[in-house]
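Trainee: A predicted structure for the sequence below; I have some questions about it.
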Amino acid sequence: MTDLPLILTVFVACAVEAVEALTIVLAAGLTRQWRSTFQGMAAALVVLAAIVAVLGPTITLLPLTALRLVVGALLAIFGLQWLRKAILRASGYKALHDEASAYLREVAAAKAAPVSKRRWVSDWYAFTLSFKGVLLEGLEVVFIVITFGANQHNLGAAVIGAAAAVVVVAATGFVVRAPLSRVPENALKFAVGIMLTSFGTFWGAEGAGVTWPGNDAALLVLVPAVAMVSLGFAAWLRRGRGAGEVPGSGGPAATATAPMPATESEEVTGR
Amino acid sequence: MMRALKSFGAFWYDFVIGDDWQVAAIVVAALAVTALLTHVAGVNAWWLLPLGAFAALAWSLYRATARKS
């Protein structure tokens, strides 16, 4: 695999998470206090960078076969969970993630919370809200950066993809000063799920000892195959439900029944 | 202390396994069978894990939507 697919995959995955983190940071900064919000964000970024700096080089010390088996299994499981949620959202079985309403929820909670000062942080609520939001959304990015980077022995390219996404999303957020609700989040999550599942399957099977026909070129078949099967499932479920929405169109699904609410794990991981 | 450990474990369970543990179980089982076929039976079973992944996804979607219907 050349650097470009690696950078693009990490960029898209990171952009999705950065959009969600931006919503939380904006809610904390605009309704509470920017200084404490930035302190929380900076603290979370330091923790995330430390995790990459420690785990990245350590994981590359593992034998390649064991690394691919473990990382492949984790990525496949991770990717299938992303795909599952993206398909359920695209077919109207689950409510689409809405950055605008998520922002309003965070703003309401931020306005209601009392101000308290701790050591060098003048607004502890803004600090912790920003810290937790950036850390939780960033952990998935760290996972993807480390697994993709380690497998390709190119942690630098993965970090470049992640950093570029953070810069682009942060710059856009700074300009518009509002949650990026027009970003087609479900389509991006669909794409990330396809890439994670495909690469996880490819590396996991290699770790289990198989030789892929055509070696790395097998990915050129595997990625479209995973995409087609996933889109097929979404279309099939949509037809069964009588809803009409393409994956990630962002429009409301014409649903016969109310979509499932966000689950607890979704609130934790942001998937 | 126990509460903190439980929360830590629950976080990582949600982070990696997510909503449906059976997806993880099917993927791990497919990997194990692939390794057995490759190393014991000498079969280059490259096709098994993709089929396992599709089956896991189909089964998980079926369970999620059947609950809703």
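Mentor: Arrived safely.
Trainee: The residue of the stretch 51-200 of chain A found nearest chain B: helix or strand, and which one exactly?
Mentor: Of all residues in the stretch 51-200 of chain A, the one sitting closest to chain B is A:Gln81 (3.8 Å; CB to the nearest CB). In short, each C-beta sits where N, CA and C put it, glycine included. Following DSSP states H and E, the helix or strand that holds A:Gln81 is helix A:64-90.
Trainee: In that helix, which residues are buried?
Mentor: By neighbour count on 16 or more other CB atoms under 10 Å in any protein chain shown, the buried set for helix A:64-90 is A:67-90.
Trainee: so what pLDDT did the residue lying closest to A:Ala158 once chain neighbours are set aside get?
Mentor: Spatially, and ignoring its direct neighbours in sequence, A:Ala158 is nearest to A:Gly149 (3.4 Å; CB to CB, 6 or more residues apart in numbering or on different chains). If you check A:Gly149, the pLDDT there is 83.
Trainee: What is the neighbour count of A:Gly149?
Mentor: When neighbours are counted by other CB atoms under 10 Å in any protein chain shown, A:Gly149 registers 24.
Trainee: is it true that it lies in a helix?
Mentor: Yes - counting by DSSP: H, G, I helix; E, B strand; the rest coil, A:Gly149 is part of a helix.
Trainee: That one: what's it in contact with?
Mentor: A:Gly149 sits next to A:6, A:10, A:56, A:155-159 when contact means CB atoms under 8 Å, 6 or more residues apart in numbering or on different chains.
Trainee: are any of these buried, and which?
Mentor: Buried among the contacts of A:Gly149 (16+ other CB under 10 Å): A:6, A:10, A:56, A:155, A:157-159.
Trainee: Tell me which of those has the lowest pLDDT.
Mentor: Among these, pLDDT bottoms out at A:Gly56, giving 76.
Trainee: Quick one: residues contacting that residue.
Mentor: Taking CB under 8 Å, 6+ apart, we find A:Gly56 in contact with A:145-146, A:149-150, A:155.
Trainee: Report the buried residues of the helix or strand hosting A:Phe38.
Mentor: If you go by DSSP H and E, A:Phe38 is part of helix A:34-59. By 16+ other CB under 10 Å, the buried positions in helix A:34-59 come out as A:36-41, A:43-44, A:48, A:51-52, A:55-56, A:59.
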